[in-house]
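Asks: Everything below, folded, please.
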Amino acid sequence: MTELGRLAWPDLGGGQRLLVVPTGSCEQHGPHLPLDTDTLIAASLAAHLATVRDDVVLSPPLAIGASGEHQSFPGTLSIGTEAMTSVVVELARSALPPPGSALPRPFAAVLCVNGHGGNLDALDTAVRVLRGEGRRVAAWHPRVEGGDPHAGRTETSLMLHLHPGRVRMELAEPGSTARFSEIADVLAGDGLAAVTANGILGDPTDASAEHGEELFEDLCRELEAAATMLCAPEAPRGA
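Replies: Residues are numbered from 1 along each chain as shown. Next comes the predicted model:
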């Protein structure tokens, strides 16, 4: 596994590497999960990709994202969607200079592995801008069919598999059963605290490491496929 922060600049000769950037958040995840849950999950998925592809270089995570809907809960930090968009755009521009630039080009593409739903708008906008500039960039968002939205069985199971020492199952309790799609307007105006007093959407009490392992393996396969698609040779113009 190659972590960018552990390298020196001469280690990065050539230019066919895939820079993988975990993006997460610092936000409440109920009374039983840590504030960096999203970042830990994203970083674990990115690290897996580095074990199955020898062209991957792992960027330090972007560990604070767009989490304004959680700010009624202590400890949540947010830079907002506009700032998150700018950060991703400028990061990718620095990694992928435009054709003809004299700057070094150690990377062929940038893949953001996102662990936080609140970053979707920022990442989608950033990718659209960067691709419009001719840069090979993508963002991958894990999706669990039938999973609960926030700090419930899904995320708690993943954390029990990946970081069991960070989970306080004795404090796990059910939260609201509302889906994000049902409460989007409330979240935008009043935040998550208006619909769940404990910050949970779902029920983490039946989470398990076994379920988390199954989820993680499925997500890893999907991420591998996304990386393969991003790095596939481009078709000749006019093909």
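Asks: so Ala108 sits in a strand?
Replies: Yes - secondary structure of Ala108 (DSSP: H, G, I helix; E, B strand; the rest coil): part of a strand.
Asks: Which pLDDT value goes with it?
Replies: Looking at Ala108, its pLDDT reads 95.
Asks: can you check Thr37 too?
Replies: Looking at Thr37, its pLDDT stands at 98.
Asks: This protein: helices as residue ranges?
Replies: 37-52, 80-95, 120-132, 153-162, 180-190, 209-231 (DSSP state H).
Asks: Determine which stretch of those helices is the most buried.
Replies: helix 153-162 (a mean of 25; mean count of other Cβ atoms under 10 Å). The way it works is simple: take the backbone N, C-alpha and C, and place the C-beta from them, glycine included.
Asks: what mean pLDDT does that helix have?
Replies: The average pLDDT within helix 153-162 is 98.
Asks: if we can go back for a sec, now distance to Ala8 too, for the helices of the chain, in TSV please.
Replies: Below are the helices of the chain laid out as TSV (distance: least, Cβ to Cβ, whole Å):
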stretch	distance to Ala8
helix 37-52	18
helix 80-95	17
helix 120-132	27
helix 153-162	30
helix 180-190	43
helix 209-231	25
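Asks: With respect to Trp140, which of those helices lies nearest?
Replies: If you check each of these against Trp140 by Cβ to Cβ, helix 209-231 wins as the nearest, at 4.4 Å.
Asks: Contacts for the closest one next, please.
Replies: The contact list for helix 209-231 (Cβ atoms under 8 Å, 6 or more residues apart in numbering) reads 18, 20, 44-45, 48-49, 52-53, 55-56, 108-109, 111, 113, 136, 138, 140, 142, 144, 147, 153-154, 156-162, 164.
Asks: before we move on, what about stretch 123-130?
Replies: With contacts defined as Cβ under 8 Å, 6+ apart, stretch 123-130 is touched by 23, 81, 84-85, 88-89, 92-93, 96, 110, 112, 114, 137-139, 141.
Asks: mean confidence score for it?
Replies: 98.
Asks: Show me the residue sitting in the middle of this structure in space.
Replies: Asn114 (1.6 Å; Cα atoms, centre = their mean).
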